[in-house]
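Asker: Got a predicted structure here, sequence first:
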Amino acid sequence: MAETIEMDDRTIAIGKNHKLFDVERIRADFPILHQRIHGKPLAYLDNAATSQKPKVVIDAISHYYQAQNANIHRGVYYLSEVATQAYEQARECVRSFLNAASTEEIIFTRGATEGINLVAHSYGRRFIQQGDEVIITTMDHHSNIVPWQILCEEKGAQLRVVPIDDHGELMMDEYASLLSAKTKLVAFGHISNSLGTINPIEKIIQMAHQVGAVVVVDGAQAAPHTPIDVQALDVDFYAFSGHKVFGPTGIGALYGKEKWLDAMPPYQGGGDMIKSVTLEKTIYNDLPYKFEAGTPHISGGIAMAKALDYVGQIGYPQIEAYENDLLNCATEALQKVDGLRIVGTAQHKASVVSFVLESVHPHDVGTILDREGIAIRTGHHCTQPVMDRFHIPATSRASFAFYNTKEEIDRLVEALHKVVRMFQ
Ligand code: C6P
């Protein structure tokens, strides 16, 4: 973790060379943040649901449609070549973001959900057999539960689940005891969206590999907060969504080791994923195109690459240190709100705080906060097994990005005091 030296509430110096993290300068890049909601300045604290977009990303989409729009991999004319080149450059940018060995291992998807479904349908259908075991965890998002349930049901395989403790941490001893020669696949979230827990991903991968299982990581919540190096992790598959990392919706990427992608059947059939088609037989295209049927979200890929560049320019050490500061500040202040209990108190957490307020339903909390211009998410966050584990129907969740400020946290806390007074 980078060393943080606070200079004032808005400008902090981070790291040995004291690179300045000027949140006001960063906020200036995000047009949507400068508006009033119900007459109050917007405090957007729902970044785990989706992040806001910097102007470079918005401009990239607009520029694409104003100057580059054409279908890719198909035309011999100038515009098609320009669009193809921009899209393939975006793939190279994703490769570099994940530190994958080659662009052949980068498949554009609609997002993390589609990435995980692709692996379940393609790898799962080919390699998971009756009697095999697939391991997931209690803290997984529905996107990393349902595809494996469908697969296991279809194949007669067993779904095993690593439980979590009262802090919202994975019970690693239980994980160790679930692993066996029957374990063929382990799928888990890098960071929990409802608890904020950062999982010990290196250890989980290493343990799975020791029994010969392949590992699928749902990186939807990790990409905005922490650097990812798929080669150092030695992970088999890693999925993330563009919209959570300051890019557009409807685009994301799946990393897969080439040896697996080569051995897997296509996920969908259609244009661009073929080399040749006769009515008798189809020869599939090379990687990564074998997994990209149909016209893709071209502007999305290009704009997502801009977002990844943008994040890279700020730098993960700066982002991690600043967000950690926000997390500590919010945790400390929220604990002082009467009747508030934080759900998810893991030692290693991303900037996500879920909480329940005694005798106030989270939907009431969310609605009252909205009147103050504060956007948080309330509900089960697509993690119903987490809610069941903590015997609650829902939580309120504030999730921070690097453009959030301590003033916004102050406003959140003040509004929650108000909610408590209203329900007294
Ligand atoms: N979580 C949240 O408010 P998609 O929808 O494919 O971009 O991402 C799905 C997904 C997968 N895994 C995790 C850990 C996630 O957090 C999400 C999306 C949002 O928490 C919407 S439910």
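Answerer: Looks like it came in fine.
Asker: okay, now residue 85: neighbour count?
Answerer: By the criterion of other CB atoms under 10 Å, residue 85 has 12 neighbours. In this view, the C-beta of every residue, glycine as well, is placed from N, C-alpha and C.
Asker: host element of it?
Answerer: Using DSSP states H and E, residue 85 maps to helix 78-98.
Asker: buried residues in that helix?
Answerer: Of the residues in helix 78-98, 80, 82-84, 86-87, 90-91, 93-95, 97-98 count as buried by neighbour count, 16 or more other CB atoms under 10 Å.
Asker: Check stretch 346-365 too.
Answerer: In stretch 346-365, counting by 16+ other CB under 10 Å, buried: 346, 349-357, 360, 362, 364-365.
Asker: follow-up on the earlier one: farthest-apart pair in the buried residues of helix 78-98, please.
Answerer: Using CB to CB, the buried residues of helix 78-98 reach their maximum pairwise distance at 80 and 98, which is 27.3 Å.
Asker: picking up where we left off before, which of the buried residues of helix 78-98 sits closest to the ligand?
Answerer: For the buried residues of helix 78-98, the closest approach to the ligand (CB to the nearest ligand atom) belongs to residue 94, at 15.2 Å.
Asker: Now for the closest one: which residues touch it?
Answerer: By CB atoms under 8 Å, 6 or more residues apart in numbering, the contact list for residue 94 reads 100, 106, 108, 253, 304, 305, 308.
Asker: Quickly note the distance from it to residue 42.
Answerer: Remark: distance between residue 94 and residue 42 (CB to CB, to the nearest Å) = 30 Å.
Asker: and what of residue 167?
Answerer: Residue 167 is 32 Å from residue 42, by CB to CB.
Asker: Can you check the pLDDT for residue 424?
Answerer: In this model, residue 424 is scored at 89, pLDDT.
Asker: Now do the phi/psi pair for the closest residue to the ligand within the stretch 251-400 of the chain.
Answerer: Nearest residue of the stretch 251-400 of the chain to the ligand, counting by CB to the nearest ligand atom: residue 382, 3.8 Å away. Phi and psi for residue 382, reported as degrees, to the nearest 10, are phi 60, psi 30.
Asker: mind listing the helices for the stretch 201-350 of the chain?
Answerer: In the stretch 201-350 of the chain, the helices defined using DSSP state H, counting those that start in this stretch lie at 201-210, 230-233, 258-263, 298-314, 316-334.
Asker: and the angle from the last one to helix 298-314?
Answerer: Computed with axes from the mean of the first three to the mean of the last three CA atoms, to 10 degrees, the direction of helix 316-334 lies at 80 degrees from that of helix 298-314.
Asker: Mind listing what's buried along helix 316-334?
Answerer: 316-327, 329-331, 333-334.
Asker: Alright, calling it a day.
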